[in-house]
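Colleague: Have a look at this prediction, sequence included:
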Amino acid sequence: MNKLKTKSLLTSTQMILLYVIVAFCLVVGIRQPAFFSPATVITICRAGIFTMCFALCEMVVLISGGIDVSFPAIGCVAMYVPMYIINRVTPIDSALFAFGLAILIGLLFGLLNGFLVSILRLPPLIATLATSSIASGGVVTLLGTREFTTLPDSLQAIYNTNIITYTAPGTGFTYLLNVLFLVPVLACLGVAWMLRYTMLGRGLYAIGGDKNAARVAGFNVRRLQFFAYTFSGVLTGATAMMYTVLMHSSTTSALMGDEMIVIAACVIGGVRITGGHGGVLGVVLGVVLITLVQNNLNMLGIPTSWQTFVVGLIILLGTIITSWQAKRSSHGKA
Amino acid sequence: MKTTKTTPAVPALKKKGLKPDTHITVLLSMMAFVLLLMAVLKPGSYFTISNLRSMIFQFPEYGVLSFGMMICMIAGGIDLSLVGIMNLSGVAAALIITNMGGTNASIVLGCAVALVVGAICGALNGFIIASLSIPAMLVTLCSLQLYTGLALAITGGPAINNMPDAFKNIANGSIGPIPYVLFIFIAVALGMAFIMNCTVFGNEIYFLGSNARAARYSGINTLRVTVMTHMLSGILGGISGILITSHLNSAKSSNGSTYTLLTLLIIVLGGVHPDGGKGKVMGVTLSVLLLQLIANAFTIMRAPDTFKTFVNGCLLVAALILDVVLEKRAAKKAAKS
C-alpha cells in the first residue's frame, strides 16, 4: 500500500482533490477578486464546522463497512430535548448540562444503531433509516415542533467567545471565528491518531475490508461495530448542541437532509462506501471542497434555484471519478 | 456488493413451489389483526364505503413506487432516487400540460413524457451502477439530489398548479364507486407479477440478486439487466409521478419526501430480502394493503402524522428481526433434514 502511495503521489485522490479546490478558488477569484481575503477563510471555516464533525462520524462508520443515515435525526433530537427542558421545564443555566444531555442522547441512539447492526445483523442502511424515523417521529410526537431561538447565558457566553477577530479594512465588516472551531480540529487530530496508531482504529479498517478475515485474525467484530455507531452518536450529539449555540436555533428538522452532503464529502474524500478505505486528510479536503462550492456558487452567477442541481452534479461526478480511480488501482494491484 | 452472496439461487427457486409461504401467512394474519382491532375500537367509522374509497385513493401512489424499489432490491441494489424521479417526471408532465393549454392531446403527451423521463433517469442510474461497479446505494443517493435539483431548477421554486380537470380525474375520478387508480395499481401489480415470474428478464433479476458473480459467469449480461431493472424502476417512478401530480393538483420538487422510507418499509415487510435475490410481488402487494390499513386506522384514531413515522420505524425494525428469526429457523430445519 505504501509503495502504491509513493508511486502515484501526484495522482492520489487527495492530490486530485487539492487541484480541484485550487482550480475552483482561481475561477471564483477571477470573477470576484474580493474572494481572496482572510474573510473568505474565516467564513469557510465557520460554515464547515458542522459538516466536518458529521463527516468524521460518517467516516468512522463507513470505514467499518457500515453506513449511518440517522445522524441528522439523532442530532435534531439531541439539540431539541435539552433546549426544551431549559426553556419549558426548568431553566437550568448550565452549558455542561446542555452538552451532557445532548451527548447522552446521541450515545443512546448510537447504542441502538450498534445493537441493530452488530447484534441483530440488520443491513446498516435500513437499520439506521429506521432509527432515524423512530428518533424524529418519537420526539415530535412527544414534544411537538417548536423553535427555540434564545440561549441561556452560559451557552451565550460560548457564542461570544471568539478565537479570531478580523475586521475587513475596506468595508468595516467584522468576521469572527468562534472557539467551537477547535472542536472539529481536535476531533480530526484525535480520529486520525486513533485510526492510525491504535488497535481500535486498525480493527475498524480490518472489519470494513473483510469481516470474516478480521474475525479469524482475532478482532471482535461486534464490539468494533458497536464502537463505530456509538462514536458516531456521541459526536453527533455534541455537534448538534454546537449547532444550536452557533445558529441560535433549535428545531426538530434543522439538520434533516444533511446526510447527503456529508456522505458525499466522505466519498469524494476517498472513503469507500464498501468499507475499509479512507482517511481523515481526504475527508477534510472533501469537506472543504463541498463547503466552498455550497458557499460560492452565487459568486459564479449561478441562480439559487439551480444550486441543488449543481451541487448534485458535482457530487455525482466526484463519486464517479473516485470510484473509477479505486477500480483502476485495484486492477493495478491484481 | 459488500456482503459476498455465497448462498446459491436455490432458495429463491424453491420458494416458488406451491408450499404456503410463511411470509404471506404472517402478512395476512397481521391484516386480520388490524381489521379485528379496528372492529373492536371503531366499528362505526372504519368499515364504511367512504372510508374504503378514501383508502383506495391513497395507496396506489406509493404502491407503484414500492414495486420500483422492489425490483431494484431483488436485483441486489436499491433505488433511493425514486422520489426524485417521481417529482422530476411529475414536473415534466405538468409543464407540458399547462403550457399546451390542457387539451386532451397535451395530457397524453405529458404522461408519455413523464414515463420517458422516468425511463431515462432510471437508465442513467443503472448505467453508472453497472458500468463503473459503484454501489447502487451511493449512485442513487447522488442522483436523488441531481433529479430533485433539476426539478427545483425547472420550476424555480414554486409548485406548478392548476391542472386541467381531465388530468386531475386520473387520480381523483372513479367509475361508479371504484376509483381509476385501483385499476392502474392492479394493472401494474399484474404486469410486475408477469415480468418477475414468467419472463427470462425476471429470472435474470433474481439470479443477479442472489449471486452477481455467478450470474456474470453463467453468461448473463449484467450491464443490460442492471440498466433494464433501473429503467423499469424509473418508469414506475414516472407512473407514480403522474399519479401524485394529478392527486395533489401540484407538481414540485419536494412532494412525497417520506415515501423513500415508506417504500423500503413496505418491501422489507413484504418479504424482499435486503441483500437481494428474494421477494415476491404478492408479498409486496399485501404489504402495501397492510400499511394502508394501519395508516388509515391511525387517521381514524386521530393520531398525529409524526406518530405514524415513529410506528413505521418500529415496524421496519420488527419486520427485519422477524426475517432474521425466520431465516435462522429455516436454516436449522434444512440442517436437520
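Modeller: Happy to help now that I have it.

Colleague: In this structure residue B:145 contacts residue A:318, no?
Modeller: No. Contact between residue B:145 and residue A:318 fails when scored by CB atoms under 8 Å: they sit 11.9 Å apart. Glycine gets a C-beta too; all of them are placed from N, C-alpha and C.

Colleague: Against residue B:113, how distant is residue B:238?
Modeller: 9 Å (CB to CB, to the nearest Å).

Colleague: Then residue A:153?
Modeller: Using CB to CB, one obtains 58 Å as the distance from residue A:153 to residue B:113.

Colleague: what are the ranges of the helices in the stretch 1-150 of chain A?
Modeller: Under the criterion DSSP state H, counting those that start in this stretch, the stretch 1-150 of chain A contains helices at A:2-7, A:13-31, A:38-63, A:71-84, A:95-114, A:124-143.

Colleague: which stretch among the ones you listed comes nearest chain B?
Modeller: helix A:124-143 (3.1 Å; CB to the nearest CB).

Colleague: buried residues in that closest one?
Modeller: A:124-141 (16 or more other CB atoms under 10 Å in any protein chain shown).

Colleague: Contacting chain B as well, which ones from the residues you listed?
Modeller: With CB under 8 Å from any CB of the partner chain as the criterion, the buried residues of helix A:124-143 include A:125-127, A:129-138, A:140-141 near chain B.

Colleague: And the residues you listed, which is closest to residue B:216?
Modeller: residue A:125 (24.1 Å; CB to CB).

Colleague: what's near enough to touch the closest one?
Modeller: Each residue near residue A:125 by CB atoms under 8 Å, 6 or more residues apart in numbering or on different chains is listed here: A:67, A:69, B:78, B:137, B:274.

Colleague: With distance to residue B:322 added, can I get the residues you listed in TSV?
Modeller: Compiled in TSV, the contacts of residue A:125 are given as follows (distance: CB to CB, whole Å):
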residue	distance to residue B:322
A:67	23
A:69	22
B:78	20
B:137	23
B:274	13
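
Colleague: Using ChimeraX, define a selection of the buried residues within those.
Modeller: Selecting just the buried residues from these in ChimeraX takes one command, with 16+ other CB under 10 Å as the test:
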select /A:67,69 /B:78,137,274
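
Colleague: and the two most separated of the contacts of residue A:125?
Modeller: Distance extremes for the contacts of residue A:125: the farthest pair is A:69 and B:274 at 14.1 Å, using CB to CB.

Colleague: For residue A:272, which of the helices of the stretch 1-150 of chain A is the nearest?
Modeller: Proximity to residue A:272 (CB to CB) singles out helix A:38-63 among the helices of the stretch 1-150 of chain A, at 7.4 Å.

Colleague: Report the rounded mean pLDDT for the closest one.
Modeller: Model confidence over helix A:38-63 averages 91 on the pLDDT scale.

Colleague: for it, packing partners?
Modeller: The helices and strands touching helix A:38-63, judged by 3 or more CB pairs under 8 Å, 6 or more residues apart in numbering or on different chains; DSSP states H and E, are helix A:71-84, strand A:162-167, strand A:174-178, helix A:182-197, helix A:199-209, helix A:221-247, helix A:258-268, helix A:280-296.

Colleague: go again using 6 Å as the cut-off
Modeller: In this structure, helix A:38-63 makes packing contacts with strand A:174-178, helix A:182-197, helix A:221-247, helix A:258-268, helix A:280-296, judged by 3 or more CB pairs under 6 Å, 6 or more residues apart in numbering or on different chains; DSSP states H and E.

Colleague: Quick check: residues of the stretch 201-334 of chain A near chain B?
Modeller: Counting by CB under 6 Å from any CB of the partner chain, the residues of the stretch 201-334 of chain A close to chain B are A:260, A:273-274, A:305-306, A:308-309, A:312, A:315-316, A:319, A:323-324.

Colleague: In TSV: the helices and strands packed on helix A:38-63, plus mean pLDDT and mean neighbour count.
Modeller: Output for those, formatted as TSV (pLDDT from 0 to 100; neighbours: other CB atoms under 10 Å in any protein chain shown):
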stretch	mean pLDDT	mean neighbour count
strand A:174-178	83	17
helix A:182-197	94	15
helix A:221-247	93	24
helix A:258-268	86	25
helix A:280-296	90	22
